[in-house]
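**Student:** Sequence and predicted structure are below.
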Amino acid sequence: MTVKPLTPLQQAFTEGKVLLIDKPLHWTSFDAVRKIRNLIRIKKVGHAGTLDPLATGLLIICTGKFTKRINEYMAKEKEYTGTFVLGATTPTYDLESEPENHRSIEGIDITAIEKAAGQLTGEIMQVPPAHSAIKKDGVRVYELARQGKEVKLEPRKITIHTFEIVKVELPVVHFRVVCSTGTYIRSLAHDMGQLLGCGAYLSSLCRTRIGEFELKDASTIEQFNASVDAMTKI
């Protein structure tokens, strides 16, 4: 059986590249990986840290020999901006499910919100969402949660380096978070709601930085597609 030689494009990506991609809203992280895999025509492509479908922003994708460095990038500090809504909760802690358990937010002001953010800053124990990709007994827990089965996850130690309340437009709160790997911003929003006694859920999220890599340097899928087209014409 004759092995087809790699094209110059395939050879370049097989040697290894780190791609900074601005993940579109509603795409899964694997959607972005699959799209890039199809564009560059090599199998060895992976991402360094999942973004939920309702989150946008920086996704690091490694190709070829650089897939060995994925764990290195996953361990880096992350920065996010986004919004959460006070006065209700959702089963998924974000807008993947419908708001419920509506409560009054009367009496809640920026002082109370900033105090709660302070309580969630530093080294804390956080329980991941039941609707997450964590595996329990070999099964992703979101699959169990969707089946209506009770999911009990143990709290994990994480570090919130910065939890800045950027603007308050009740019931919406704008924030910026700098955190360690393993942090669930959905859980942070949920915990904020618990501290305030009114409930809260994540309504938007953008990852703006991973370690030294910044969103401003990332390409959209369309821009990456165009760059691949240009490379094939050289």
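**Tutor:** Sure thing, it's come through. Residues are numbered from 1 along each chain as shown.
**Student:** element containing Ile160?
**Tutor:** Element membership for Ile160, per DSSP states H and E: strand 156-169.
**Student:** So in that sheet, which strands flank that strand, and in what orientation?
**Tutor:** Neighbouring strands of strand 156-169 in its sheet, by DSSP bridges, are strand 122-126 (antiparallel), strand 172-179 (antiparallel).
**Student:** out of these, deepest packed?
**Tutor:** Most buried of these, by mean neighbour count (mean count of other Cβ atoms under 10 Å): strand 172-179, with a mean of 19. From N, CA and C alone the C-beta is placed, and that goes for glycine too.
**Student:** In terms of residue numbering, what are the domains of this structure?
**Tutor:** Using automatic domain parsing, the domain ranges for the chain come out as 8-75+212-232, 78-210.
**Student:** Among the ones you listed, show the one with the smallest mean pLDDT.
**Tutor:** When mean pLDDT is averaged over each of the domains of the chain, domain 78-210 scores lowest at a mean of 90.
**Student:** Format the strands paired with strand 156-169 as JSON lines; extra columns: distance to Thr14.
**Tutor:** As requested, the strands paired with strand 156-169 are arranged in JSON lines below (distance: least, Cβ to Cβ, whole Å):
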{"stretch": "strand 122-126", "distance to Thr14": "38"}
{"stretch": "strand 172-179", "distance to Thr14": "34"}
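**Student:** Check which helix or strand the spatially most central residue of the chain maps to.
**Tutor:** Closest to where the C-alpha atoms of the chain average out (Cα atoms, centre = their mean) is Leu51, at 2.9 Å. Here Leu51 is covered by no helix or strand, with elements defined by DSSP H and E.
**Student:** Quick check: it touching Pro24?
**Tutor:** No: using Cβ atoms under 8 Å, Leu51 is not in contact with Pro24; the gap is 10.1 Å.
**Student:** In this structure, what residue spans correspond to strands?
**Tutor:** Under the criterion DSSP state E, the chain contains strands at 17-23, 45-47, 55-63, 78-86, 122-126, 135-136, 139-140, 156-169, 172-179, 200-210, 213-214.
**Student:** other SSEs contacting the fourth one?
**Tutor:** Going back to what we said before, that points to strand 78-86. Judged by 3 or more Cβ pairs under 8 Å, 6 or more residues apart in numbering; DSSP states H and E, the packing partners of strand 78-86 are strand 172-179, helix 185-196, strand 200-210.
**Student:** Which one, of these, ends up nearest to Lys216?
**Tutor:** strand 200-210 (8.3 Å; Cβ to Cβ).
**Student:** What pairs with the closest one, parallel or antiparallel?
**Tutor:** Strand 200-210 sits in its sheet next to strand 55-63 (parallel), strand 78-86 (antiparallel), strand 213-214 (antiparallel), going by DSSP bridges.
**Student:** can you tell which of those strands is closest to Arg156?
**Tutor:** Using Cβ to Cβ, the strands paired with strand 200-210 put strand 78-86 closest to Arg156, at 14.9 Å.
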